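Peer 1: Sequence and predicted model, in that order:
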Amino acid sequence: MNDHLEIAVYGKGGIGKSTVSANMTAAAAMKGMKVLQIGCDPKHDSTRLLMHGESIPTVLDVLRDKGTENAVPEDVLKMSPIREGNIRIGCIEAGGPKPGVGCAGRGIISAFEFLGKNHIREQYDRVIYDVLGDVVCGGFAVPVRREYADAVFLVTSGEFMALYAANNILRGIRNFDGDKYKRVAGIIYNERKLEDEDGRVERFAKAVGLPILVKIPRSEVFSKAEQQNKTVMELDGAEEEKVKFQILAKMLEDGMELYPANPLSDEEHERIVLGKADAAAEKQGIVEDVTEESKDPGEETSASAAGITSNTPSARRPLYGCAFNGAASQAVHLTDAIVIAHGPKACAFYTMQTISSPGKRNIFNRGVLLPSSISPNFTSTDISHAEAVFGGMDLLRDAVMQALDQKPGAVIVVSTCVAGIIGDDLKSVEDMSTEEIPVIAIPADGDMNGDYMEGLRMATNMLLDRLTDRNIPKKTNCVNIIGEAGIATNKDSNFAVMERLLSAMGIEVNCRFLGDAKVEEVRQILAAPLNILASDTSDAQMLKQYMISEFGCTFLEEPLPIGFEATKNWILAIAAFFRCEEKAKDLIQNEQKDYQEKVAYLKSHLEGKKVFLTTINSNIDWLLDTAYEVGLNFIHIGVYNYLRTPLVISKHPERMENAVEILDASRTRQLIREKKPDIILSAYTSDEGDDHAITDALPMIPDLGVMSAAEIMERWIRLMNTKRKGEWESDRKLFEKYFQ
Ligand code: SF4
């Protein structure tokens, strides 16, 4: 006899596998083996006969009530009262959630973790897992993993669905083992007395290359044993039935031949099991089931069901984070809302890091704004093991209730992967909305619903849809600032520039969407007759398109006010819309005066300085306009052309004459050494040949306003006045004199 053997008994629910398992366990124990039977069906009635009708606490109930730290093996491991000879049978039920909530598969995993941690299985000669075979998720496949089952018994009758489940189990085993590894012992045929039943089972067994280990006859003996809450092995008589289980027990004792899993295709299965005559009648139900199961989960996610689609397939873009992360990071900008992450603590922590950590923000720099409060109203339901198994809706409803008590502007619930996987009905919390406080559910289940940017967009669009009052009357002289985004360092200063220019024309900001807005401001967003983009990212452009198509919004077409020319045109366009040209004229005059004074100052320091420019392939006229006015001398313009499109850094052809594509960084270094520039303006910095040059980088998102370039150039003057590399040597000598 092998020292230790673990057997998984799989079969469709209701096929009799628990009866088979219990009798096999009893028969093996009667042969002197110490046997542990573990019921892995949420119904938790696998060991009922072995326990003579006593219902034992399930692992999951104990883990939920006592917690994983406090639960001990004695809480769940009960000894069978069968007392014939020296029988030792341990009984455990994994348990599971109520039907329709939580995740039973996750329950199996939790139960197995507990058994493993407490080394319970190792104390037995034989372990029998009684597993529901028509549930095909990963949790129910745990017992079939090689670390558990040494062999698998398939229990089936000749019913089509029972054989279908058996075939599905073979598919699962094949996924684990491939076509070489042998782990299937064979079929236990539990007869139902159907027409052609023997034929069906035999044809199936032959087609999948498995033996029929025993045929258990349909017999009144089983109901009789059931009525007495006993196994057949304990009844007097019933020899014909007992012998079947003794055969199985002998196999457990001696070991058995094993076979690879060779499942059939659905078509083969139908043809072989049903034959032509009865195929049509039984086929329909199964085909419907398969169609439903095999649907690509991405085909209609809750996001697409909500009418939100991605214009850019996530597969083609870098992954900045998950959709939950993006949606939550966006929702916290509603400063008077409470955002609830429905998920485990870790998801909320990770997102809080993204929201609040400047370091992380630089990594996730696209589209992230730092909320005005470093500790935004962001909380989490902290789904734990228990909710993952039993469902998290009670927890979520409690969290929403608590949030509503605080009287926020809105309660926004954002779901994580876990909430999605266990099937929590997120949308149902929207029914908890009160007249004053809307509850908004954003189904952003991790990567299931896209990546970070899609989550961000989903949140933006859903908040607009839910909060906006479509019948609000239009106000005069106000605008919305839309799509503030990008690197957050100049977000507030850029907003301040726009606000100052607008205010000089008598125009107010109605709503910043979504850069720190109150719920009421979003509700009134359609009151503003004009919308102004605050950044030129693709996401801001998509938001613009969404607001135009969904709400018929009007947007300013003029590009962002970066540099003097663009700012002047921006002011004029807004003035034309609001009919305030006179104010605009005065404003431009003032701006021009300040700008020209600044240019004169810059010219006195920078005129004739040699600039070595390397840049990416994008228009930088906002910088070049000022640079040429100041009299800077561009001795080299190199362009990194990652997109392999025509080189464009200026709309003025004469400025492009010197532009060359950069193909080789070492050539750039060599040119710097040869040309000896005063200013190296570049994304690339070098420690060679630039001892006497100052180096600066172009910002990805420039400052807005007439001074965009001028302020950068002012910095160059400061840098030039700072000691150069060699001069630091004297400081070093000073340091050594006193400290070494
Ligand atoms: S991918 Fe899923 S599990 Fe990971 S942080 Fe996002 S929501 Fe949480």
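Peer 2: Received, thanks.

Peer 1: Contact residues of this protein facing the ligand?
Peer 2: 322, 324-325, 343, 347, 350, 416-417, 446-447 (C-beta under 6 Å from any ligand atom). No exception for glycine: its C-beta is placed from N, CA and C like everyone else's.

Peer 1: Okay, and which of those map to helices?
Peer 2: 324-325, 347, 350, 417 (DSSP state H).

Peer 1: By neighbours, which of these wins?
Peer 2: When neighbours are counted by other C-beta atoms under 10 Å, residue 324 leads these with 35 neighbours.

Peer 1: about what we covered before: where does confidence bottom out across the ones in helices among the residues of the chain next to the ligand?
Peer 2: Ranked by pLDDT, those bottom out at residue 350 (81).

Peer 1: Tell me who's in contact with that one.
Peer 2: For residue 350, the contact set (C-beta atoms under 8 Å, 6 or more residues apart in numbering) comprises residue 325.

Peer 1: and with 10 Å instead?
Peer 2: Applying C-beta atoms under 10 Å, 6 or more residues apart in numbering, we find residue 350 in contact with 321-322, 324-325, 328, 341, 344, 360, 416.

Peer 1: Residue 438 too?
Peer 2: With contact taken as C-beta under 10 Å, 6+ apart, residue 438 is in contact with 337, 409-412, 430, 432, 463, 466-467, 519, 523.

Peer 1: quick one: which of these is nearest residue 171?
Peer 2: Among the contacts of residue 438, residue 430 lies closest to residue 171 (C-beta to C-beta), at 39.0 Å.

Peer 1: And the helices in the stretch 351-500 of the chain, which stretches?
Peer 2: 358-363, 385-390, 393-405, 417-421, 452-467, 491-504 (DSSP state H, counting those that start in this stretch).

Peer 1: As a markdown table, those helices with distance to residue 44 would be great.
Peer 2: Output for the helices of the stretch 351-500 of the chain, formatted as a markdown table (distance: least, C-beta to C-beta, whole Å):
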| stretch | distance to residue 44 |
| --- | --- |
| helix 358-363 | 45 |
| helix 385-390 | 13 |
| helix 393-405 | 21 |
| helix 417-421 | 22 |
| helix 452-467 | 38 |
| helix 491-504 | 56 |
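
Peer 1: who wins for proximity to residue 24 among those helices?
Peer 2: Closest to residue 24 of the helices of the stretch 351-500 of the chain is helix 385-390 (C-beta to C-beta; 28.2 Å).

Peer 1: Remind me what that closest one packs against, helices and strands.
Peer 2: helix 59-66, helix 104-117, helix 393-405, helix 417-421 (3 or more C-beta pairs under 10 Å, 6 or more residues apart in numbering; DSSP states H and E).

Peer 1: could you give me the average pLDDT of that helix?
Peer 2: Computed over helix 385-390, the average pLDDT equals 76.

Peer 1: quick one: it to chain centroid distance?
Peer 2: Relative to the chain's own centre, helix 385-390 is displaced by 19 Å; criterion: C-alpha atoms, centre = their mean, to the nearest Å.

Peer 1: Domain-wise, how is this protein divided?
Peer 2: With domains defined by automatic domain parsing, the chain comprises 5-263, 315-467, 479-588, 600-726.

Peer 1: Export these to CSV and append columns for distance to residue 736.
Peer 2: Shown next, in CSV, are those (distance: least, C-beta to C-beta, whole Å):
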stretch, distance to residue 736
domain 5-263, 58
domain 315-467, 34
domain 479-588, 37
domain 600-726, 16
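
Peer 1: and residue 737, which of those domains is closest to it?
Peer 2: Residue 737 lies closest to domain 600-726 among the domains of the chain, at 17.9 Å (C-beta to C-beta).

Peer 1: now the closest one, how far from the chain's geometric center?
Peer 2: Using C-alpha atoms, centre = their mean, the offset of domain 600-726 from its chain centre is 41 Å.

Peer 1: for stretch 31-49, how far is the first residue from the last?
Peer 2: 18 Å (C-alpha to C-alpha, to the nearest Å).

Peer 1: average pLDDT for that stretch?
Peer 2: For stretch 31-49, the per-residue pLDDT averages 91.

Peer 1: mind listing what's buried in it?
Peer 2: Residues of stretch 31-49 classed as buried: 31, 33-42, 44, 46-49 (neighbour count, 16 or more other C-beta atoms under 10 Å).

Peer 1: can you check stretch 628-646 too?
Peer 2: Applying a neighbour-count criterion of 16+ other C-beta under 10 Å, one finds 628-630, 632, 634-641 buried in stretch 628-646.

Peer 1: and of the ones in helices among the residues of the chain next to the ligand, the nearest to residue 162?
Peer 2: Closest approach to residue 162 among those (C-beta to C-beta): residue 417, at 33.6 Å.

Peer 1: Could you measure from the residue in the stretch 451-600 of the chain positioned nearest to the ligand over to residue 461?
Peer 2: Using C-beta to the nearest ligand atom, the single residue of the stretch 451-600 of the chain nearest to the ligand is residue 455, 8.8 Å away. Residue 455 sits 11 Å away from residue 461, taking C-beta to C-beta, to the nearest Å as the criterion.

Peer 1: Residue 21 now?
Peer 2: 52 Å.

Peer 1: ditto for residue 658
Peer 2: Counting by C-beta to C-beta - residue 658 and residue 461 are separated by 45 Å.

Peer 1: Between these two, which has more neighbouring residues?
Peer 2: The neighbour count for residue 658 versus residue 461, taken as other C-beta under 10 Å, is higher for residue 461 (21 against 12).

Peer 1: helix/strand/coil for the residue of the chain most remote from its centre?
Peer 2: Relative to the C-alpha centroid of the chain, counting by C-alpha atoms, centre = their mean, residue 237 is the outermost residue, at 59.1 Å. Look at residue 237: counting by DSSP: H, G, I helix; E, B strand; the rest coil, its state is coil.

Peer 1: ok, and the closest non-adjacent residue to it?
Peer 2: residue 221 (7.8 Å; C-beta to C-beta, 6 or more residues apart in numbering).

Peer 1: Tell me where the stretch 601-740 of the chain is predicted with low confidence.
Peer 2: 683-691, 723-732, 734, 738-740 (pLDDT under 70).

Peer 1: hey, where'd the helices end up in the stretch 151-300 of the chain?
Peer 2: For the stretch 151-300 of the chain, helices defined by DSSP H, counting those that start in this stretch occupy the ranges 160-177, 197-208, 220-227, 239-254, 266-269, 275-293.

Peer 1: just those: most buried one?
Peer 2: Among those, helix 160-177 has the highest mean neighbour count (mean count of other C-beta atoms under 10 Å), at a mean of 21.

Peer 1: Can you show me the CA trace of that helix as PDB?
Peer 2: What follows is helix 160-177, C-alpha atoms only, in PDB (Å, rounded to 0.1, in the frame of the first residue of the first chain):
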ATOM      1  CA  PHE A 160     -26.100  13.600 -21.600                       C
ATOM      2  CA  MET A 161     -25.300  16.500 -19.200                       C
ATOM      3  CA  ALA A 162     -23.500  14.100 -16.800                       C
ATOM      4  CA  LEU A 163     -21.300  12.900 -19.600                       C
ATOM      5  CA  TYR A 164     -20.900  16.500 -20.700                       C
ATOM      6  CA  ALA A 165     -19.700  17.400 -17.300                       C
ATOM      7  CA  ALA A 166     -17.300  14.400 -17.300                       C
ATOM      8  CA  ASN A 167     -15.900  15.500 -20.600                       C
ATOM      9  CA  ASN A 168     -15.500  19.100 -19.200                       C
ATOM     10  CA  ILE A 169     -13.500  17.800 -16.300                       C
ATOM     11  CA  LEU A 170     -11.200  15.900 -18.700                       C
ATOM     12  CA  ARG A 171     -10.700  19.300 -20.400                       C
ATOM     13  CA  GLY A 172      -9.700  20.800 -17.100                       C
ATOM     14  CA  ILE A 173      -7.300  18.000 -16.400                       C
ATOM     15  CA  ARG A 174      -5.800  18.300 -19.900                       C
ATOM     16  CA  ASN A 175      -5.200  22.000 -19.300                       C
ATOM     17  CA  PHE A 176      -3.200  21.100 -16.200                       C
ATOM     18  CA  ASP A 177      -1.400  18.000 -17.400                       C
END
